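> What shape does this take:
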Amino acid sequence: MGPFQFPDFDPVAIHIGPLAIRWYALAYVVALLAGWRYCMRLAKRPPQLVTPLQVDDFLVWATLGVILGGRLGFVLFYQPGYFVANPLEIVKIWKGGMSFHGGLLGVLLAMLVYARRQGIMLLALADLVTAATPIGLFLGRIANFVNGELWGRTTDVPWGVIFPRASSEPRHPSQLYEAGLEGIVLFVVLAALIFSPVQALRRPGLVSGVFLAGYGAARVFVEFFRQPDPFLGSGGFLAFGTTWGQWLSLPLVIGGIYLIARAFRRAPEYGA
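Model prediction:
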């Protein structure tokens, strides 16, 4: 069993006349719709601190938060110098360049404003949103793999993949590692907490905390196999061989642990 040659996938999923819908865009659309339906289902479970109608209305807010936050996060966190020199490139989302950490901040801001306007508990809304977020993470990482981008470091493992855009050497398919950990594993863990006797939705902040800590830990781990972004200088490596993705993820782990501890210090919510 040797390394696999990366398949020659067409980055465009659907051609409709002059319109080309790329896999990455399709992943965003499917993730938002699937996440919305899942949140609607969760909103009907006790303690029903957020109504299905409020979840329905929040979809537009979440979409704007993900897209605007993800793009601005990439601009500010990864290539600020380039975009200052080429400001028109900021709006060219179709060329790629989205940051999960930026998207998270964008959705958080959207939740803050929406929760205040609706008079609902922020952490209750956040729990519904974060419970569905692994769906988007899974589809997004699969789209990264199909696009042949964000590949891993060189390796000699039998399942290594040769990405032609990277080099002729086999590399870790780190996109699939992330899809598995950030997507499948994290979704199952959160669902288990929600649908088990723990009834995590009765403890606002618990699902959000486990998501933040779980995603942060998974990202820190996978970064050891993922090729760092070269435009950050020094081959993408920072102090002690760490990466920028790991440093951005550490606050998520800390914040997640805080929310978990806070959730268990408070009495469960039983709704109206």
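> CA only for contacts and neighbour counts going forward, please
Noted.
> got the residue ranges for the strands in the stretch 151-272 of the chain?
All strands of the stretch 151-272 of the chain, identified by DSSP state E, counting those that start in this stretch, fall at 161-162, 170-171.
> Now tabulate those in TSV and tack on mean pLDDT.
Rendered in TSV, the data for the strands of the stretch 151-272 of the chain read as follows (pLDDT from 0 to 100):
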stretch	mean pLDDT
strand 161-162	94
strand 170-171	96
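> how about CSV for those strands, with mean neighbour count added?
As requested, the strands of the stretch 151-272 of the chain are arranged in CSV below (neighbours: other C-alpha atoms under 10 Å):
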stretch, mean neighbour count
strand 161-162, 24
strand 170-171, 25
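> Mind putting those into JSON lines with distance to L49?
Listed next are the strands of the stretch 151-272 of the chain as JSON lines, based on distance: least, C-alpha to C-alpha, whole Å:
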{"stretch": "strand 161-162", "distance to L49": "46"}
{"stretch": "strand 170-171", "distance to L49": "46"}
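> Now for N147, how many residues are close by?
N147 has 19 neighbours, counted by other C-alpha atoms under 10 Å.
> ok, back up a step: of all the strands of the stretch 151-272 of the chain, which lies closest to L104?
When those are compared for distance to L104 using C-alpha to C-alpha, the nearest one is strand 170-171, at 28.3 Å.
> Need the contact partners of the closest one.
Contacting residues not belonging to strand 170-171 are listed as 3-4, 151-156, 160-163 [C-alpha atoms under 8 Å, 6 or more residues apart in numbering].
> I'd like to know which of those residues are buried.
Restricting the contacts of strand 170-171 to buried positions leaves 3, 151-155, 160-163, with burial counted as 16 or more other C-alpha atoms under 10 Å.
> Which of these fall in helices?
Nothing among those maps onto helices, per DSSP state H.
> Going by distance to D56, which of those residues wins?
Using C-alpha to C-alpha, the shortest approach to D56 within these belongs to W151, at 35.7 Å.
> quick one: contacts for that closest one?
Under the criterion of C-alpha under 8 Å, 6+ apart, the contact list for W151 reads 145, 163, 166, 171-175, 226-227.
> could you redo the last one with a cut-off of 10 Å?
Taking C-alpha atoms under 10 Å, 6 or more residues apart in numbering, we find W151 in contact with 144-145, 161-163, 165-166, 171-176, 225-228.
> what do you get for W244?
With contacts defined as C-alpha under 10 Å, 6+ apart, the neighbours of W244 are 77-78, 220, 223, 228-229, 232, 236-238.
> Lowest-confidence one in the buried ones among the contacts of strand 170-171?
The member of the buried ones among the contacts of strand 170-171 with the lowest pLDDT is P3, at 83.
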